[in-house]
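1. Attaching a predicted model along with its sequence, questions to come.
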Amino acid sequence: MFTFITNSHTMVKEKSDPLGYTEELLTDVRELVLFNDEHNTFDHVIKTLVEICEHEHQQAEQCALITHLKGKCGVKNGSFEDLKPIHEEMGRRDLTVEIQ
């Protein structure tokens, strides 16, 4: 059994065994933020979010619209190690992203 407790950038993952002993595993949770730019099309952004971030098409459309209207949008959460290759690939595809 796993229980997740989040606090800012730290997620505590508790693992219980059948005897009731609990082990805490700390994971540093970060957010990959996509920033608006003036040269990428909605189609390119949506396609990238579907392919790289594994978004459903509707979720990718919503993120693209939020990014356009508000200037940025959190598109993926996870550990720094999990987000780094996604960050790099999105950068290769000319999108402006940052791990926060």
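-> Here it is on my side, so go on.
2. If we ignore the residues flanking it in sequence, what's nearest the residue most central in space within the chain?
-> Taking Cα atoms, centre = their mean, the centroid of the chain lies closest to Lys76, which sits 1.1 Å from it. Nearest residue to Lys76 in three dimensions, chain neighbours excluded: Leu32, at 4.2 Å (Cβ to Cβ, 6 or more residues apart in numbering). (C-beta placed from N, C-alpha, C; glycine too.)
3. Going along the chain from the helix or strand encompassing that neighbour, find the next helix or strand for me.
-> For Leu32, the host element (DSSP states H and E) is strand 22-35. Note on strand 22-35: by DSSP H and E, the next helix or strand toward the C-terminus is helix 42-52.
4. packing partners for the helix or strand harbouring Lys76?
-> Per DSSP H and E: Lys76 is located in strand 72-79. When contacts are defined as 3 or more Cβ pairs under 8 Å, 6 or more residues apart in numbering; DSSP states H and E, strand 72-79 packs onto strand 22-35, helix 57-70.
5. would you list those in JSON lines and tack on mean pLDDT, mean neighbour count and distance to Phe80?
-> JSON lines is the format used below for the helices and strands packed on strand 72-79 (pLDDT from 0 to 100; neighbours: other Cβ atoms under 10 Å; distance: least, Cβ to Cβ, whole Å):
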{"stretch": "strand 22-35", "mean pLDDT": "80", "mean neighbour count": "15", "distance to Phe80": "5"}
{"stretch": "helix 57-70", "mean pLDDT": "98", "mean neighbour count": "16", "distance to Phe80": "20"}
